[in-house]
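Q: Structure, please.
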Amino acid sequence: MQIIPAIDLLDGQCVRLHQGDYDQVTRFSDDPVAQALAWQEQGAERLHLVDLDGARSGLPVNDAVVRAITAALTIPVQLGGGVRTAQRADDLLACGLDRVILGTVAIEQPQLVRQLAARHPGRIVVGIDARNGLVATRGWIEESRTVATELAASFEGSGVAAIISTDIATDGTLAGPNLEALRAMAGASSLPLIASGGVGSITDLLALLSLAPLGVEGVIVGRALYDGSVDLGEALQAVGPARLQDPSGSSLC
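A: Residues are numbered from 1 along each chain as shown. Below you'll find the predicted structure:
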């Protein structure tokens with residue numbers, strides 16, 4: 001399972017929100033480029049960026065930082081937050097990003113997602129952020145009546161590269177991922193699934209590894225890496241490609 005460190009950008013700084021609440025912000029670094037390089041040096045194979053300003057306002061507040069990060073790194077970088085037009089997606093992919101993540105537009109303009117997936121094969125990801133099973137949009141400020149699993153199923157065969165499933169109730173809490181919700185999402189679509197939200201320990205990562213046969217191929221980890229609850233090197237040894245054991249403890253050798 002791929003471990004994907006997250007850098008959430010707010011006003012050009014690395015932060016984390018508690019359950020998506022912009023009034024509950026923890027700031028971790030004022031140098032996102034240095035932080036991105038640190039994750040790469042520690043073995044990350046991909047980096048996940050979230051433009052929190054873009055998610056909330058739709059404005060490209062953090063573009064200079066995003067360009068600096070993509071220029072500094074050699075690993076693939078993906079970004080979500082405020083990507084709501086074809087032009088915006090095109091511009092971001094042209095500036096060095098490997099993938100862009102479409103959240104709000106996936107529910108409001110699903111046909112646009114399909115068009116972009118056809119135009120940029122393997123580079124369009126759908127982000128489905130859910131609270132109590134219902135999709136939330138616009139930086140988690142608005143809640144729809146759309147069921148998360150139904151939205152996932154609707155992109156079957158669309159050419160989308162993957163789905164990122166975020167459980168808002170656990171995001172930033174370190175309380176553990178919502179395994180039941182992830183199983184439901186994995187069962188709703190054959191698209192590769194990336195888990196997000198709640199990881200607070202190596203044990204949580206091992207629990208997620210048990211879902212790999214269902215199509216959960218990666219996990220985004222944020223706060224746990226920043227506060228030391230999870231060490232990236234240890235996480236890669238535990239659940240990455242070079243892991244020594246499977247979740248049940250039997251050798252894979």
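Q: Please, which helix or strand holds Ala64?
A: Per DSSP states H and E, Ala64 falls inside helix 63-72.
Q: in that helix, what counts as buried?
A: Within helix 63-72, the residues that qualify as buried are 63, 65-66, 69-70, counting by 16 or more other C-beta atoms under 10 Å. C-beta here means a position set from N, CA and C on the backbone, and glycine is covered the same way.
Q: can you check stretch 177-197 too?
A: Judged by neighbour count using 16+ other C-beta under 10 Å, the buried positions of stretch 177-197 are 177-179, 181-182, 184-186, 188-189, 191-197.
Q: in the chain, which spans are strands?
A: Using DSSP state E, the strands of the chain run over residues 2-10, 13-18, 21-29, 47-51, 77-80, 99-102, 124-131, 134-137, 142-147, 162-167, 193-196, 216-221.
Q: can you pull the contacts of the closest residue to Ala44 other than its chain neighbours?
A: Spatial nearest neighbour of Ala44, excluding adjacent residues (C-beta to C-beta, 6 or more residues apart in numbering): Pro5 at 5.1 Å. In this structure, Pro5 makes contact with 39, 44, 47-48, 220-222, 225, 232, judged by C-beta atoms under 8 Å, 6 or more residues apart in numbering.
Q: pLDDT check: weakest of those?
A: Among these, Gly222 has the lowest pLDDT, at 92.
Q: Test my guess that that residue contacts Asp8.
A: Yes: the criterion here is C-beta atoms under 8 Å, and Gly222 meets it with Asp8 at 6.6 Å.
Q: Quickly list what's touching both of those two.
A: With C-beta under 8 Å, 6+ apart, Gly222 and Asp8 have common neighbours Arg16.
Q: Looking at the two, which is more packed in?
A: With neighbours defined as other C-beta atoms under 10 Å, Gly222 and Asp8 compare such that Gly222 has more, 26 against 23.
Q: measure that one to Gln111 for me?
A: Look at Gly222 and Gln111: by C-beta to C-beta, to the nearest Å, they are 31 Å apart.
Q: same question, His120
A: Applying C-beta to C-beta, the value for His120 to Gln111 is 15 Å.
Q: The helix holding Ala64 packs against which elements?
A: Of the remaining helices and strands, those touching helix 63-72 by 3 or more C-beta pairs under 8 Å, 6 or more residues apart in numbering; DSSP states H and E are strand 2-10, helix 32-41, strand 47-51, strand 77-80.
Q: That helix relative to strand 47-51, how many degrees between them?
A: Computed by axes from the mean of the first three to the mean of the last three C-alpha atoms, to 10 degrees, the angle separating helix 63-72 from strand 47-51 equals 170 degrees.
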